[in-house]
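Colleague: take a look and give me a structure for this.
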Amino acid sequence: MSSPTPRISVVLPVRNGEHHVESRVIQVLEAMSDLTRGATEVIVVDDGSKDSTPEVLSELKARYPQVRIVRHSRPRGLEAAGQTGLERSTGELVFIQETDATVRIEDMRRLLRMSEDKSVVAARAESTPRPLSGALMRRLRAFGTHADTAESPSESPATKTSLQMIRRPHLQQLASQRGRHYRLNGETVHSTSLESA
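Modeller: As a prediction, the model looks like this:
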């Protein structure tokens, strides 16, 4: 019996990620089990890694049947890796991580909510860590938290993350002459969140 066609595909590009790719994949699998009841696949595109990333990915694939692995024989860039993952995906909705960084689950949740509007055929979320405001820090300290002793963004480099969502059935239309008739809308959302480690 074949497995059901996944409703959602998540594409994760990686290069030389032997130390972090396992936690990224598990994070996405756990998040997707919370965010959706539909079948999900995670496609990891190894962009010509020279470390032990291929071995780590083989172990992940053996443990998690919803993980698929695609490998570039030589580095072609993260954008090319994202395109390869899109081409190999089978889900109705495809999420593509644009950076070799941890997926921000809040961005995925926001894009998933946007996908409920069937008129949205593609969207993108981008996040850049910023320091918490002084007012929020004072309020957290007043409640006896230790948020002010946590690692601050100035102590670690801020990693911009971006995630695309594409409604797969519309890809042909976007590439055709009719694609010029789609309207592009942009909006900026600023949010602050504390995430558990």
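
Colleague: give me every residue that touches the residue of the chain positioned farthest from its centre.
Modeller: In the chain, the residue that sits farthest from the middle, by Cα atoms, centre = their mean, is residue 142; the gap is 34.6 Å. By Cβ atoms under 8 Å, 6 or more residues apart in numbering, the contact list for residue 142 is empty. C-betas here are computed from N, CA, C, even on glycine.

Colleague: and the gap between it and residue 110?
Modeller: From residue 142 across to residue 110, the span is 29 Å (Cβ to Cβ, to the nearest Å).

Colleague: do the same with residue 170
Modeller: Taken as Cβ to Cβ, the span from residue 170 to residue 110 is 19 Å.

Colleague: quick check: buried residues in the helix or strand hosting residue 25?
Modeller: Using DSSP states H and E, residue 25 maps to helix 21-35. Buried residues in helix 21-35, counted by 16 or more other Cβ atoms under 10 Å: 21, 22, 24, 25, 28, 29, 31, 32, 35.

Colleague: now residue 49: how far from residue 103?
Modeller: 19 Å.

Colleague: now do residue 10
Modeller: Taking Cβ to Cβ, one finds residue 10 at 8 Å from residue 103.

Colleague: where do the contact lists of the two overlap?
Modeller: 28, 97.

Colleague: compare neighbour counts for these two and give me the winner.
Modeller: More crowded of residue 10 and residue 103, by other Cβ atoms under 10 Å: residue 10, with 28 against 19.
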